[in-house]
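>>> Sequence first, then the predicted structure, then my questions.
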2 protein chains.
Amino acid sequence: MIKYDFSKKNGKPLYQYLYECLKSDIQNGRLTARTKLPSKREMAKDNGISVKTVMNAYEQLVVEGYLISKEKRGYFVADVEAVPDYQMEPAEYSPIYTEEKWLVDFTASNAVYEKFPFSMWRKVMREVLSDSDLKLVRRAHFLGVEELRKAIAAYLYRARGIMVSPECIVIGAGIEYLYGKLIKILPPDSVYGVENPGYKKIPRIYEEYGLKWKPVAMDSNGISMESLRKNGVNIIHVSPEHHFPLGTVMSAARRQELLSWAGEEAGRYIIEDDYDCEFRYYSRTIPPLLNAGRSHRIIYMNTFNKTLAPSIRISYMILPEKLMRRYINSSNFYSNTSSSCEQYALAKFINEGYFERHLSRMKKYYRIQGERLIRILKQSALLPAVTITGGSSGTHLLVKVDTSLTDTEIKWAARQQRIQLSCLSEFCVEVKPEYQHILVLSYSDINETIIREAVRRLGNIFVEW
Amino acid sequence: MIKYDFSKKNGKPLYQYLYECLKSDIQNGRLTARTKLPSKREMAKDNGISVKTVMNAYEQLVVEGYLISKEKRGYFVADVEAVPDYQMEPAEYSPIYTEEKWLVDFTASNAVYEKFPFSMWRKVMREVLSDSDLKLVRRAHFLGVEELRKAIAAYLYRARGIMVSPECIVIGAGIEYLYGKLIKILPPDSVYGVENPGYKKIPRIYEEYGLKWKPVAMDSNGISMESLRKNGVNIIHVSPEHHFPLGTVMSAARRQELLSWAGEEAGRYIIEDDYDCEFRYYSRTIPPLLNAGRSHRIIYMNTFNKTLAPSIRISYMILPEKLMRRYINSSNFYSNTSSSCEQYALAKFINEGYFERHLSRMKKYYRIQGERLIRILKQSALLPAVTITGGSSGTHLLVKVDTSLTDTEIKWAARQQRIQLSCLSEFCVEVKPEYQHILVLSYSDINETIIREAVRRLGNIFVEW
């Protein structure tokens, strides 16, 4: 006879309590393998419960494999190894982000969150949601929502003169994600070239994928063709509109050289990263490489991270036909990674002109921010600034200082003053002497009083040392 | 003297027209390298435009590298190779999706789009958007929005008895994406085991990443331990709650064997795919492996694709501490891939009880759908159904038919009747005889009249042949 104390059931349903008691007894070995359990009727009688309750508990244990039901013979305990009671390991992680409190973080090149066009975005999101259309819940096209690809194609024509069919555009939840997909359709055994100096993320992605990569030097016209050729690179990542962090615009002659290079051998590709192309202040933006020919060797990439917000996970790339065919073959069974609702909202946001209105507002804002920072830097009597470059595009300045401090010492001293900054040398794989003692100051979102104080403190670093 | 016909400027600003004329002449070689251009004043006079207009055009060409400005000497044409005029290649792709019109698609195991809880979802989305909180636009925590990780942890405890800290949860835009990240933190040179039969996507992902994988046989208790050991697998993907497409629940004894196996050697891991665990109709859901011990060797995965909608790109995995540390090191510089707004909305949706309400509604709906399909199949005089299994969990049935047709012939004949279906053999790497002549019928979203007609047509296939 098996009898449990049902007064201890603690509000649980009867069958669940019985199930748990039996399961625990089997797991602990109190009920051993091949033991025949009392019949449902006996068990019900002994415990003062209904036959239905017993049956529910027995059946659950059968489904889970703790009991075996043999027709006309009854229920037997299965051969389950005795295990100690389940104990969850404590999940103790050290805090993942230790957010330091800075006076100024000159390394943040984010969108200015406070300037996000909430009311316009809310309006388009609400309109999209009000449709209650099934398109919002269906699995989207694996390249991304068609309306958005059309809107992006039309925008690219207006803003960059790019003529591209929406079928050549791949939408994905961030540049890193798209990079991961792109790598798989580029020739295997490729050697990837990375601008040196340049974005730190690019080589890190290559490392993560176990790819061969080489730093390629920069000169005043853009990427150095000599360095590119010397390193045996066949896939080169460039930002011709303006290089980060040097700000270099790739010259027309260099563009032609680079395009010729791409055409010389099969398997050569140019990844044109047009990040921040939207922010050029005193002249028109520089036309993209993609418009200059050999577009079958160019992958064009951009994102709405900075132009809108990083929390809206929408980036895109334009693939040449050959790569697009490979992409379709390898990826059409995957789902698109961006939220459909936000893709529809962004399409509306672009088509109704809100995006370009927001961009022109931000362009003005960033221009003024840059001009102000330059003015304050020039007024500073303390800061041994030799040259200040930048301000005509993007949202950072390069400030070369005359100092005997090493870049590490500069950063450390700034940190003591609660100023977070980068030096150009951090963006280099191999640091040339001319890339030393250059501060990289991003200014997208800092108010005047704080900038004045930050520049004062920065000046003191060089005075005191 | 250079003189352009400004009557052809076609509404463009003067400076832009001048810029385009000069650029075109340089590109076509009409203006050759090192040519000195007329001074701004001369050019202005010759063309009847202002000096400022000329300066704007010249400066843009300097920025782009077509002209070189030499102090006190003037503007010179840069050494730019002559290139043919830019022509975009036509982007002609064959249509990517050729949507066939089916009477019934028995392969679709999507969420039922028509049942999406639009009004509740719209409500939470609107509330989130109304906040206008900066958290909506900021770069989210790389593991995913904390509120959502908390909501998922609490839900998992209520629904699955899983006790997990929100710090162990990684949110990402889809299972495929998470898989791509997971692979990178698992031991290199791993051999991945795939249930045979099983999901077709899993080996495809492994192939894409160039990983070694082996099919592992199934028996009536779940994954075959003998096959697992024989194949030298160290990472095994399983769905213990119910296997797809067999429907097998992993028995308690097999669970213990599998957990013991995982503990025998370093580097062994179990990927517990709990997809569709929410849909068990006549008993409680089967507790996850994760609750049975050795949780440091288990990666738990699930998604809101089916329980909510595939267009809301939110999936998650629970990582054991060691893997989580690796994940943090390798991925904390990437952005989270899911939309922040939808993450906040989903957190609210779960916390306010809407999610579980929706699930219980869908559970009832799917149960009734399954019961109806079984009834109709059993009533069919034509269909030589030997056994029908399934219906107690998930949203598909297995129908073994007595036929001399091959599976390919069955599928082809069904296609002629505008019925899309799968056979169990398609989910196999090596097809055993007992896996032949078994139809896999997903029924999440088909109305009664159509099912009756489809079953009638299916029956005819076997009568006619």
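Arrived safely.

>>> Sketch out the low-pLDDT regions of the stretch 1-150 of chain A for me.
A:81-100 (pLDDT under 70).

>>> For it, just list every one of the helices.
A:14-27, A:40-47, A:51-63, A:118-131, A:146-160 (DSSP state H, counting those that start in this stretch).

>>> So what touches the fourth one?
Helix A:118-131 is contacted by residues A:136, A:341-342, A:344-346, A:348-349, A:352, A:354, A:357-358, B:121-122, B:125-126, B:129-130, B:132, B:341 when judged by CB atoms under 8 Å, 6 or more residues apart in numbering or on different chains. Heads up, the C-betas are built off the backbone N, CA and C, glycines and all.

>>> Flag every buried residue along that helix.
A:Phe118, A:Met120, A:Trp121, A:Arg122, A:Lys123, A:Val124, A:Met125, A:Arg126, A:Val128, A:Leu129 (16 or more other CB atoms under 10 Å in any protein chain shown).

>>> follow-up on the earlier one: now the helices of the stretch 1-150 of chain A as CSV including distance to A:Ser311?
Shown next, in CSV, are the helices of the stretch 1-150 of chain A (distance: least, CB to CB, whole Å):
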stretch, distance to A:Ser311
helix A:14-27, 42
helix A:40-47, 56
helix A:51-63, 43
helix A:118-131, 11
helix A:146-160, 17
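
>>> closest to B:Ile312 out of these?
The closest of the helices of the stretch 1-150 of chain A to B:Ile312 is helix A:118-131. By CB to CB, the value is 12.3 Å.

>>> Only C-alpha atoms, please: export that closest one in PDB.
C-alpha atoms of helix A:118-131 as PDB (Å, rounded to 0.1, in the frame of the first residue of the first chain):
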ATOM      1  CA  PHE A 118       9.700  60.500 -31.200                       C
ATOM      2  CA  SER A 119       6.500  62.100 -32.300                       C
ATOM      3  CA  MET A 120       7.100  61.300 -36.000                       C
ATOM      4  CA  TRP A 121       8.300  57.800 -35.200                       C
ATOM      5  CA  ARG A 122       5.300  57.200 -32.900                       C
ATOM      6  CA  LYS A 123       3.000  58.400 -35.600                       C
ATOM      7  CA  VAL A 124       4.200  55.900 -38.200                       C
ATOM      8  CA  MET A 125       4.400  53.100 -35.700                       C
ATOM      9  CA  ARG A 126       0.900  53.700 -34.700                       C
ATOM     10  CA  GLU A 127      -0.300  53.800 -38.300                       C
ATOM     11  CA  VAL A 128       1.400  50.600 -39.000                       C
ATOM     12  CA  LEU A 129       0.000  48.900 -35.900                       C
ATOM     13  CA  SER A 130      -3.500  50.200 -36.600                       C
ATOM     14  CA  ASP A 131      -3.600  48.400 -39.900                       C
END
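
>>> Taking the stretch 201-350 of chain A, what residue is nearest to chain B?
A:Ser251 (2.7 Å; CB to the nearest CB).

>>> so that residue makes contact with A:Gly222?
Yes: taking contacts as CB atoms under 8 Å, A:Ser251 lies within contact range of A:Gly222: 6.3 Å.

>>> Against B:Pro187, how distant is A:Ala252?
50 Å (CB to CB, to the nearest Å).

>>> Looking at these two now, which is surrounded by more residues?
A:Ala252 (27 against 11; other CB atoms under 10 Å in any protein chain shown).

>>> Measure how buried the closest residue to the more buried one other than its chain neighbours is and give me the count.
In space, and not counting its chain neighbours, A:Ala252 is closest to B:Gly65: 3.9 Å by CB to CB, 6 or more residues apart in numbering or on different chains. Counted by other CB under 10 Å, the residues lying close to B:Gly65 total 22.

>>> swap in the one 10 residues further on?
The burial metric for B:Tyr75, expressed as a neighbour count using other CB under 10 Å, is 24.

>>> Also A:Ser330?
Neighbour tally, A:Ser330, other CB under 10 Å: 15.

>>> on that earlier part again, if I pick the residue nearest to A:Ala252, what's in contact with it?
Residues counted as contacts of B:Gly65 (CB under 8 Å, 6+ apart) are A:Asn221, A:Val249, A:Met250, A:Ser251, A:Ala252, A:Ala253, A:Arg254, A:Arg255, B:Ala78, B:Val80.

>>> I'd assumed A:Pro240 was in contact with the third one.
Yes: with contacts counted by CB under 8 Å, A:Met250 reaches A:Pro240, the gap being 3.8 Å.

>>> overlap in contacts of those two?
Residues touching both A:Met250 and A:Pro240 (CB under 8 Å, 6+ apart) are A:Gly222, A:Ile286, A:Leu289.

>>> Quick check: A:Glu272 is in a strand.
Yes: residue state for A:Glu272 (DSSP: H, G, I helix; E, B strand; the rest coil) corresponds to a strand.

>>> Tell me what it is bridged to.
A:Glu272 has these beta-bridge partners by DSSP bridges: A:Val238, A:Tyr300.

>>> give the contact list for it.
A:Val238, A:Ser239, A:Pro240, A:Pro288, A:Leu289, A:Leu290, A:Ile298, A:Ile299, A:Tyr300, A:Met301.

>>> Show me which positions of stretch A:370-387 end up buried.
So for stretch A:370-387, counting by 16+ other CB under 10 Å, buried means A:Gly370, A:Arg372, A:Leu373, A:Ile374, A:Ile376, A:Leu377, A:Leu383, A:Ala385.

>>> Next secondary structure element downstream of the top strand by length along chain A?
Assignment by DSSP state E gives strand A:212-219 as the longest strand of chain A. Beyond strand A:212-219 on the C-terminal side, the first helix or strand identified by DSSP states H and E is strand A:222-223.

>>> what's downstream of that next one, the next helix or strand?
helix A:225-230.

>>> pLDDT of that following helix, averaged?
Mean per-residue pLDDT for helix A:225-230: 97.

>>> Give the buried residues for that helix.
Buried residues in helix A:225-230, counted by 16+ other CB under 10 Å: A:Met225, A:Ser227, A:Leu228.

>>> Quick check: of the residues you listed, which lies closest to B:Lys45?
A:Met225 (39.7 Å).

>>> The nearest residue to that closest one once chain neighbours are set aside and B:Met120, how far apart?
Spatial nearest neighbour of A:Met225, excluding adjacent residues (CB to CB, 6+ apart): A:Glu257 at 5.2 Å. With distances taken as CB to CB, A:Glu257 is found 59 Å from B:Met120.

>>> quick one, which of A:Met250 and A:Pro240 is more surrounded?
Set A:Met250 next to A:Pro240 and count neighbours by other CB under 10 Å: A:Pro240 wins out with 27 against 24.

>>> Is A:Val170 in a helix, a strand, or coil?
Judged by three-state DSSP, the three-state class of A:Val170 is strand.

>>> how about A:Trp261, phi and psi?
phi -50, psi -50 (degrees, to the nearest 10).

>>> who's in contact with it?
A:Met225, A:Leu228, A:Arg229, A:Arg268.

>>> swap in A:Lys378?
Applying CB under 8 Å, 6+ apart, the residues near A:Lys378 are A:Ala385, A:Ile388.

>>> So what's the gap between the helix or strand it falls within and the chain middle?
Element membership of A:Lys378 [criterion: DSSP H and E] is helix A:354-379. A distance of 25 Å separates the centroid of the chain from that of helix A:354-379, by CA atoms, centre = their mean, to the nearest Å.

>>> how much does it deviate in direction from helix A:118-131?
For helix A:354-379 against helix A:118-131, the angle by axes from the mean of the first three to the mean of the last three CA atoms, to 10 degrees is 160 degrees.

>>> Report the angle between helix A:354-379 and helix A:146-160.
On the basis of the same axes, to 10 degrees, helix A:354-379 is oriented at 40 degrees to helix A:146-160.
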